[in-house]
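J.: A predicted structure for the sequence below; I have some questions about it.
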Amino acid sequence: MASKTTTKKEVDDLVWLLEHPEYEHRVVDIRTFIDSSEYLNAAKECWDSVKDDLEALFNGSYTEAVFCEAIGAGKSFKSSIIIAYMVYRILCLKDPQTYLGLAKGSNICFLNMSVRAEQSKKVVFGEIKARIDNSPWFMKFYQPSPDIRSELRFAKNITIFPGNSKETFPLGYNMLGGVMDEAAFYTDTDARDVAEDMFNALHSRIKNRYGDNGLLVMISSPRYVNDFIERKMKEAQSNNKIFSRRKKLWESKPLSKFKGKWIDFEGYQIPAEFETEARRNPEAFKRDYLAIPSLALEPFFKQLNLVEKAIDPKLEHPIDEQGRFKDWFKGKGKQYRIHIDLSSKRDSTGFAMAHNDGDTVVVDLMLRIKPPVGGEIDFAEIRAMIFSLRARGFEITGVTYDGWQSIDSLQRLKAEGFNAETFSVDKDTAAYDTLKEKINEGKIKYYEYKPFLEEIQRLELIEGKKVDHPPVNGSKDVTDAVAAVVYQCVANPNNVMFWVGGGSRELSSEEQLMKGAVMAADGRCTYNYYAGRRKPC
């Protein structure tokens with residue numbers, strides 16, 4: 001009976017296993033795993049760019065990876081390959097638990113996490129399972145259990161879980177690796193970044209249990225300039241344990257998928273077939289197809305060139321490096337309004353002052369007041385600032401606070417003769433609509449103030465009802481203050497007010513047209529109120 005001929009591959013495999021006695025199967029590299037008909041058999045389906053990226057990832061000694069890619073770049077397909085390969089490598093071990101220092105029979109799991117539960121299940125039971133079901137190697141040696149529908153469970157107590165950002169994920173398990181899909185969109189409050197919370201919890205779990213043997217991957221299209229994905233991309237530049245890639249759509253897809261004609265768009269070469277979409281919404285196009293994060297998802301100020309055009313080079317910031325008003329900053333016979341966007345004592349406060357110059361609003365002062373390190377903002381110092389402005393000759397006809405912890409300040413200002421009231425820009429979009437209108441009409445002037453310009457270009461319109469900052473690492477203290485004073489300058493250009501029983505309110509537009517005396521509603525003494533001064537009729 002003729003003996004079977006031993007192939008060179010079989011000899012090589014045998015030699016490798018003798019050199020690596022902890023393994024039951026020889027581990028192939030990621031490109032072989034993708035291309036070979038013995039494994040995923042996906043040579044044609046998987047783009048070369050994906051193979052190149054994964055080869056660079058798995059040939060290195062990385063414990064973290066972040067892929068920031070355009071929509072349509074095959075992120076779910078890439079996720080499925082990453083998890084399938086991590087599972088494959090651990091199944092090649094004779095005894096994974098012993099190799100990793102775990103107790104016998106311990107479960108080792110891999111996680112695919114998405115924003116929504118249905119999307120995560122779709123990736124696990126769609127994409128990942130499809131890779132495995134079509135792999136001769138998995139079908140021959142390690143088919144997942146057909147009786148379990150909540151996860152993919154293999155021999156040797158190896159499991160793949162689906163998870164989502166809205167539920168408690170299985171931290172109690174021995175997590176060796178995972179993929180967080182569309183991680184830039186794991187946000188649910190303006191107080192924290194859910195992606196960062198989950199990543200840190202998972203990474204700490206993996207690191208503490210497995211050292212550098214685990215791998216946690218984030219794959220996402222971009223969102224905000226300062227979100228967690230972007231911060232990780234930046235961190236990767238100085239951390240050799242973090243793998244990173246940022247890719248435009250045509251850097252991921254084969255060029256044969258495009259028509260071949262290229263045009264210039266804001267300094268970028270893009271396929272000509274995208275021209276209309278690029279011109280229609282440049283910010284969204286750069287985010288979705290160039291993988292460049294947006295300043296805002298739905299920018300409230302879309303014409304940022306007009307925001308910059310409103311900067312008057314003749315104006316300058318009136319506060320010196322020591323935090324004092326510059327000598328030249330004094331009243332010019334105009335009537336001024338002030339708004340303070342008061343914050344908690346440990347957060348920044350916004351301060352703005354403006355006046356009318358014909359039909360143009362001039363913003364004289366913008367300030368972000370930060371608390372001292374380890375300390376709190378002294379609200380008395382803010383009031384002292386207002387007193388100082390009056391002493392410098394500014395005729396202040398109204399001071400408003402946004403309402404937060406402002407009762408004491410309002411009372412003290414009224415006692416000093418100021419007209420002080422509450423005013424909120426968050427009840428509707430009226431104040432910001434007015435600011436936008438003035439900017440678009442070229443009827444506003446302000447100086448170049450970095451905090452204001454940074455905030456205004458990142459403002460978003462939320463459900464058409466509210467203007468807000470991005471949910472993570474955003475602020476609008478200064479823009480709130482500016483929007484409030486601009487609105488008040490426009491809504492009440494003559495600063496006409498009347499007093500009722502010791503209180504005050506601004507006149508409606510119809511009332512402002514009335515000449516002469518304004519009768520108090522309770523029939524008491526009648527007053528004219530001009531330029532911030534009460535005068536008997």
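T.: Thanks, I have it.

J.: Contact partners for A103?
T.: Contact analysis of A103 by CB atoms under 8 Å, 6 or more residues apart in numbering lists Q97. Placement of C-beta: from N, CA and C, glycine included.

J.: Ramachandran coordinates for it?
T.: Main-chain torsions, A103, degrees, to the nearest 10: phi -70, psi 150.

J.: Would you quantify the distance from it to G177?
T.: Distance of A103 to G177, computed by CB to CB, to the nearest Å: 19 Å.

J.: can you check A155 too?
T.: 18 Å.

J.: measure stretch 101-108 end to end?
T.: Stretch 101-108 has an end-to-end distance of 11 Å (CA to CA, to the nearest Å).

J.: can you pull the buried residues of that stretch?
T.: L102, N107, I108 (16 or more other CB atoms under 10 Å).

J.: For that stretch, what does the pLDDT average out to?
T.: In this model, stretch 101-108 has a mean pLDDT of 90.

J.: for stretch 211-222, same thing?
T.: Averaging pLDDT along stretch 211-222 yields 90.

J.: so what pLDDT did D312 get?
T.: 96.

J.: Next, the closest residue to it other than its chain neighbours: phi, psi?
T.: Closest residue in space to D312, ignoring its immediate chain neighbours: K445 at 4.2 Å, by CB to CB, 6 or more residues apart in numbering. Torsion angles at K445 (phi, psi; degrees, to the nearest 10) stand at phi -130, psi 140.

J.: My guess is K445 contacts L315. True?
T.: Yes. In this structure K445 lies within contact range of L315 using CB atoms under 8 Å: 6.4 Å.

J.: just to revisit the earlier point, for A155 and G177, indicate the residue with more neighbours.
T.: The neighbour count for A155 versus G177, taken as other CB atoms under 10 Å, is higher for G177 (25 against 11).

J.: Show me what that one is bridged to.
T.: F110, L215 (DSSP bridges).

J.: Report the contact partners of it.
T.: I83, M86, F110, L111, I206, G214, L215, L216, V217.

J.: so which of those residues comes closest to I407?
T.: Taking CB to CB as the measure, I407 lies nearest L216 of the contacts of G177, at 48.5 Å.

J.: Excluding chain neighbours, what is closest to the closest one?
T.: H203 (5.1 Å).

J.: circling back to that earlier point, mutual contacts of K445 and L315, please.
T.: With CB under 8 Å, 6+ apart as the test, K445 and L315 both reach V362.

J.: Domain ranges for the protein, per the record?
T.: 8-255, 259-294, 305-491, 494-537 (automatic domain parsing).

J.: which stretch in those domains has the least confidence?
T.: domain 494-537 (a mean of 35).

J.: Same list (the buried residues of stretch 101-108) but as TSV, adding secondary structure and distance to F228.
T.: Listed next are those as TSV, based on DSSP: H, G, I helix; E, B strand; the rest coil; distance: CB to CB, whole Å:
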residue	secondary structure	distance to F228
L102	coil	30
N107	coil	28
I108	strand	27
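
J.: returning to what we had before: how close does the residue nearest to L216 get to E448?
T.: Taking CB to CB as the measure, H203 falls 41 Å from E448.

J.: Give me the more crowded residue out of the two.
T.: Set H203 next to E448 and count neighbours by other CB under 10 Å: H203 wins out with 17 against 13.

J.: Is I396 part of a helix or strand, or is it coil?
T.: Here I396 is recorded as strand under DSSP: H, G, I helix; E, B strand; the rest coil.

J.: Report the beta-bridge partner residues of the closest residue to it other than its chain neighbours.
T.: Spatial nearest neighbour of I396, chain neighbours left out: Y336 (5.2 Å); criterion: CB to CB, 6+ apart. Per DSSP bridges, the residues bridged to Y336 are H355, I396.

J.: Give me the neighbour count for Y336.
T.: Counted with other CB under 10 Å, the neighbours of Y336 add up to 25.

J.: again with M233
T.: 21.

J.: Was I right to think it contacts V66?
T.: Yes. In terms of CB under 8 Å, M233 counts as a neighbour of V66; the distance is 5.9 Å.
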